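> with the sequence up front, the predicted model follows.
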Amino acid sequence: MFGLFRLRGVPAVFLLPALGILTACTNGMPRAGSAPDPDPEKTALTGQTYVYECGAGNQITVRTEGETAWLFPPSGTISLPKMASAPDARFSDGVTSYWSRGDEAAFVFGDRAYPACRNNRARAIWEDAKFRGVDFRAIGNEPGWHLEIFDEEKVRFIHNYGQEHHEFSFVPPGTDGASRSSRYELNDSVHRLSITLEGRTCSDSMSGESFETRVSLVFDGIAYSGCGRALH
């Protein structure tokens with residue numbers, strides 16, 4: 001039964017805990033990506049994602065793409081056009097407005113104003129991955145690396161603190177219900193990547209953040225370990 005409950009190739013043992021964590025982190029917001037799905041190849045260079053914390057537990061995710069800003073407040077998804085006359089990043093439809101400069105931002109939702117919001121860059125990285133269609137993401141340290149799995153499409157491994165990028169064609173993993181694990185074996189003409197995902201609690205060695213999946217990699221004979229979670 002373990003291998004039957006899957007969402008786009010990721011075993012349910014990893015997805016169910018991740019969905020609970022995602023709901024808690026987004027503070028009741030609609031899932032980022034409830035706007036029309038952006039083309040990952042196009043928006044990887046042009047789109048920007050932010051997760052603004054506005055005090056008192058208020059959090060607003062924003063995705064800007066060209067002349068449009070998509071806002072994800074608790075009330076629902078809002079699309080705002082860019083104000084052509086504004087010298088900085090300002091978007092408004094006359095009722096809802098969004099201004100930003102660097103990591104600082106302000107919002108107006110009718111008669112509610114949030115004048116002092118700040119982007120949480122660490123959270124924004126994970127939200128951006130969701131917008132780009134990443135289904136599972138993992139991170140590790142010393143040296144820094146991260147892994148992105150696009151189900152039924154590709155797998156990206158970025159290591160040496162972001163200096164080296166490798167991309168592999170997706171191959172469905174083998175799964176083991178007894179150990180609650182999945183294993184990917186990937187190859188290209190030069191490199192080999194083995195990935196093991198285990199449904200066990202994992203704590204990031206740098207930030208202390210808790211994840212629901214333990215991740216072990218072997219890239220060209222070199223072992224890496226870290227933590228990850230499902231994003232969709």
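Structure's in. What do you need? Residues are numbered from 1 along each chain as shown.
> sec struct for the residue nearest in space to the middle of the chain, please.
Nearest to the mean C-alpha position of the chain, counting by C-alpha atoms, centre = their mean, stands Trp126 at 2.8 Å. Under the three-state scheme (DSSP: H, G, I helix; E, B strand; the rest coil), the conformation of Trp126 reads as helix.
> what score does it have for pLDDT?
According to the model's per-residue confidence, Trp126 sits at a pLDDT of 97.
> quick check: phi and psi at the closest residue to it other than its chain neighbours.
Counting by C-beta to C-beta, 6 or more residues apart in numbering, Trp126 lies nearest to Arg137, which is 6.6 Å off, once chain neighbours are set aside. Glycine gets a C-beta too; all of them are placed from N, C-alpha and C. Arg137 has phi and psi values of phi -130, psi 140 when expressed as degrees, to the nearest 10.
> surely Arg137 touches Glu127?
No - taking contact to mean C-beta atoms under 8 Å, the distance of 10.8 Å between Arg137 and Glu127 leaves them out of contact.
> domain map for this protein?
Following automatic domain parsing, the chain resolves into domains at 40-120, 133-230.
> got JSON lines for those domains, with mean neighbour count too?
Putting the domains of the chain into JSON lines (neighbours: other C-beta atoms under 10 Å) gives the following:
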{"stretch": "domain 40-120", "mean neighbour count": "16"}
{"stretch": "domain 133-230", "mean neighbour count": "16"}
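> mean pLDDT lowest where, among the ones you listed?
The weakest mean pLDDT among the domains of the chain belongs to domain 40-120, with a mean of 89.
> ok, what's across the strand from the residue nearest to Trp126?
Per DSSP bridges, the residues bridged to Arg137 are Glu148, Arg229.
> looking at this, Arg123 is in a helix?
Yes - applying three-state DSSP, one finds Arg123 inside a helix.
> contact partners for the residue nearest to it when sequence neighbours are not counted?
The spatially closest residue to Arg123, leaving aside those adjacent along the chain, is Val51, at 4.0 Å (C-beta to C-beta, 6+ apart). Going by C-beta atoms under 8 Å, 6 or more residues apart in numbering, Val51 touches 59-62, 119-120, 123-124, 127.
> mind checking how far Tyr184 is from Glu212?
Using C-beta to C-beta, to the nearest Å, one gets 18 Å for the distance from Tyr184 to Glu212.
> all helices for this protein, in order.
Taking DSSP state H, the helices of the chain run over residues 12-25, 40-46, 121-131.
> now the first one: average pLDDT?
What it means is helix 12-25. Within the predicted structure, the mean pLDDT of helix 12-25 is 33.
> correct me, but Arg183 touches Leu193?
No - between Arg183 and Leu193 there is no contact, the gap being 11.3 Å when judged by C-beta under 8 Å.
> any chance of the contacts of Val51 in a markdown table, plus distance to Glu164?
Formatted as a markdown table, the contacts of Val51 follow (distance: C-beta to C-beta, whole Å):
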| residue | distance to Glu164 |
| --- | --- |
| Gln59 | 33 |
| Ile60 | 34 |
| Thr61 | 30 |
| Val62 | 31 |
| Asn119 | 27 |
| Asn120 | 27 |
| Arg123 | 25 |
| Ala124 | 23 |
| Glu127 | 24 |
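> which single one of the residues you listed is nearest to Glu142?
Glu142 lies nearest to Arg123 out of those, by C-beta to C-beta, at 22.3 Å.
> what's the spacing between the residue lying farthest from the centre of the chain and Arg183?
Of all residues in the chain, the one whose C-alpha sits farthest from the chain's mean C-alpha position, using C-alpha atoms, centre = their mean, is Ser85 at 32.6 Å. Between Ser85 and Arg183 the computed distance is 56 Å (C-beta to C-beta).
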